[in-house]
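1. Sequence and predicted model, in that order:
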Amino acid sequence: MPQNAAFKGVVYLLLAQLLIWGLLPGLLVESLPLDVVEGAYWGREWQWGYYKHPPFPAWVLHLFYSTLGDMGPFILSQLCIALTLYCVWRIGCRLLSCEQSAFGVLALMGVYYFTWPSMEFNHNIAQMPLWAAAVLLFHRAITDWRYGDWLLLGLVAGLGLLTKYSTLVLLAAMFLWLLWRPELRKELLRPQPWVGVLAMVLLFLPHLFWLMQHEFLPFSYFEGRSARAVEQGWSAWGALRFLLVQLIDHLPLFILLLVAGFWRRSYWQKPDSNAGFILFMGLAPALLTVIGAMITGAGTRDMWGTPMWNLSGLMLASMIPAEVLRQRQRPLLWAFGGFLLLLTVLMLLFVGFKDQIRDKPSRTGWPDEALAQTLSQVWGEHTECPLQLVAGQYWPAELLALELPGVSAVPESDLRLAPWADVRWVAEQGMIEIAEGDRPRWDKTLAELGDWDAEGQFSVPWPRLPDHEPLTLSWRLWLPHTECVD
């Protein structure tokens, strides 16, 4: 690990970035972002799966939220970025010079996914360190063929599948690399890789059982997302559009390199002889995604690219001589430092004042505490039994469930999406359903519960826009049919 001033400058710059983005947003928001609310609530139910995704990110998010409050999800998100950068550093030091590795890490801060989207922890962000760790362990495994490396790779791959099924794309890229390299292909009969496969399967098995018990719910969600992408014209040429968007997401990086003086042809070289692995693992997942979408006709979503570009910086680093990087240390640090400072200022303005700037309420400006308190009062006016179930659109229902201890949510008012609840429980404990606005169109999914016992609405002012039209929620409730249990 180099100890020169330039390397220390990279470390200090990234530490400042990660600390500011991890600590300050949690102090500025009124309520948590959309995906964070959903994940934090899911994790509280401790299921082996949820109707949209596998369970691992939700479990971890719940632990951070329950321990650190609103700051927890933002800290977790930046911790994922930090772990990703560390794994990328280790990969670079194995295959390139340490100067190139340091540049490969710094360059990632010019890739869109490593900055702005990292404010909202979700399954895409959770994949990033797991993909980076998997590539690192894969290279160690095929280099040294130690059982421990293959076992760790299997465990990380299993966690990746418990994070998002798109990890299969990365595993497919690894398998293709093994088949492509003759010296590795003949080693596939050795027991070490199969130890990793066994570990991965055993780790994923409980979720597989959950999928079988719940009619493979996440795949229905995926089909719906893909179908909407197709309806929006994202299928035929949409797969290629996916690649174009990924290129645009790298545009800040290319601009920063030009600012730092890397427009000279003499600063570039053909990729290093050790760069084949980096180039293949860096490009194959996106290309496989596009090929798969074109073959199946499925739609693609731009944010699926989030974990696919961990190696972008190293791919560029392999084309720049280490001597050039040593010469251009200062311009690089100034360019990236100025860019990150600008982004940080914009982030603080966005998180703290976007409602006022746009004169429009945002998800992170919802009065969650006031809503929860008012909803509890409404329930308490009709029964002395504790409120245990809130149904409705998944955002407000799960947001209120997070704020109300001991309360579970029924997203989209659909009991099929809430394995922790059923009709019998609703009949025994009662439930309140909510909907935005004063003229709700109640979903028919709860028709089996029969007529409700009371209905009404209430309004709460927006904390950041007190003069704006208040937030109105309509409600209807079913009272408990049994005596309250203390």
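-> That came through fine. Numbering: from 1, shown residues only.

2. Just the buried positions in the longest helix along the chain, please.
-> If you go by DSSP state H, the chain has its longest helix at helix 329-358. Across helix 329-358, burial judged by 16 or more other C-beta atoms under 10 Å covers 329, 332-333, 335-337, 339-340, 343-344, 347, 350-352, 355. In short, each C-beta sits where N, CA and C put it, glycine included.

3. which residues in the stretch 251-400 of the chain form strands?
-> Applying DSSP state E, counting those that start in this stretch to the stretch 251-400 of the chain gives strands spanning 389-392.

4. Can you give me the distance of residue 381 to residue 370?
-> Counting by C-beta to C-beta, to the nearest Å, the separation of residue 381 from residue 370 is 17 Å.

5. Ok, residue 394 next?
-> For residue 394 relative to residue 370 (C-beta to C-beta), the value is 20 Å.

6. what's the answer for residue 174, then?
-> Taking C-beta to C-beta, one finds residue 174 at 50 Å from residue 370.

7. who has more neighbours, residue 394 and residue 370?
-> Neighbours were counted for residue 394 and for residue 370 using other C-beta atoms under 10 Å; residue 394 has more, 21 against 17.

8. didn't the more buried one look like it was pressed against residue 38?
-> Yes: Residue 394 sits in contact with residue 38 when judged by C-beta atoms under 8 Å, with a separation of 6.5 Å.

9. Can you measure across stretch 412-422, start residue to end residue?
-> 14 Å (C-alpha to C-alpha, to the nearest Å).

10. quick one: average pLDDT of it?
-> For stretch 412-422, mean pLDDT is 91.

11. would you say residue 435 is within a strand?
-> Yes: according to DSSP: H, G, I helix; E, B strand; the rest coil, residue 435 belongs to a strand.

12. how close does the closest residue to it other than its chain neighbours get to residue 439?
-> Residue nearest to residue 435 in three dimensions, not counting chain neighbours: residue 474, with 5.0 Å by C-beta to C-beta, 6 or more residues apart in numbering. Per C-beta to C-beta, residue 474 is found 8 Å from residue 439.

13. So for those two, which residue has more residues nearby?
-> For residue 474 and residue 439, the more surrounded residue by other C-beta under 10 Å is residue 474, and the numbers stand at 19 against 8.

14. Under the pLDDT cut-off, which ranges of the stretch 1-150 of the chain? List them.
-> Along the stretch 1-150 of the chain, the parts satisfying pLDDT under 70 run over 1-7.

15. Strands along that one, start to end?
-> With strands called from DSSP E, counting those that start in this stretch, the stretch 1-150 of the chain shows none.

16. so how far is residue 366 from residue 29?
-> The value you get for residue 29 to residue 366, if C-beta to C-beta is used, is 9 Å.

17. quick one: which helix or strand includes residue 474?
-> strand 471-478 (DSSP states H and E).

18. Does anything pack onto that strand? Which helices or strands?
-> helix 368-380, strand 431-436, strand 454-460 (3 or more C-beta pairs under 8 Å, 6 or more residues apart in numbering; DSSP states H and E).

19. Determine which stretch of those is the most buried.
-> Highest mean neighbour count among the helices and strands packed on strand 471-478 (mean count of other C-beta atoms under 10 Å): strand 431-436, with a mean of 22.

20. Can you name the residues in contact with that strand?
-> Under the criterion C-beta atoms under 8 Å, 6 or more residues apart in numbering, residues 375, 378-379, 387-393, 396-397, 400, 410, 413, 441-442, 446, 449, 452, 471-478 lie in contact with strand 431-436.

21. For the stretch 301-450 of the chain, which residues score under the pLDDT cut-off?
-> In the prediction, the stretch 301-450 of the chain carries no residues with pLDDT under 70.

22. Show the residue spans covered by the helices in the stretch 201-350 of the chain.
-> For the stretch 201-350 of the chain, helices defined by DSSP state H, counting those that start in this stretch occupy the ranges 217-231, 238-249, 251-259, 275-296, 312-317, 322-327, 329-358.

23. out of these, which comes closest to residue 185?
-> In terms of C-beta to C-beta, the element of these nearest to residue 185 is helix 275-296, at 14.6 Å.

24. Report the angle between that closest one and helix 238-249.
-> With axes from the mean of the first three to the mean of the last three C-alpha atoms, to 10 degrees applied, the angle from helix 275-296 to helix 238-249 works out at 140 degrees.

25. Identify each buried residue in helix 275-296, please.
-> Neighbour-count burial for helix 275-296 flags 275, 277-286, 288-290, 293-294 (criterion: 16+ other C-beta under 10 Å).

26. out of these, who's nearest residue 156?
-> The closest of the buried residues of helix 275-296 to residue 156 turns out to be residue 281 (C-beta to C-beta; 14.3 Å).

27. what's that closest one in contact with, if anything?
-> 135, 138, 173, 174, 177, 311.

28. Just put these in CSV and tack on neighbour count.
-> Shown next, in CSV, are those (neighbours: other C-beta atoms under 10 Å):
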residue, neighbour count
135, 27
138, 25
173, 21
174, 22
177, 19
311, 27
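
29. out of these, which are inside helices?
-> 135, 138, 173, 174, 177.

30. Contacts only, for the nearest residue to residue 187 once chain neighbours are set aside.
-> Spatial nearest neighbour of residue 187, excluding adjacent residues (C-beta to C-beta, 6+ apart): residue 145 at 7.1 Å. Residue 145 is in contact with 187, 190, 192, counting by C-beta under 8 Å, 6+ apart.

31. Next up, phi/psi of residue 145, please.
-> phi 60, psi 40 (degrees, to the nearest 10).

32. That one and residue 182, how far apart?
-> With C-beta to C-beta as the criterion, residue 145 and residue 182 are 16 Å apart.
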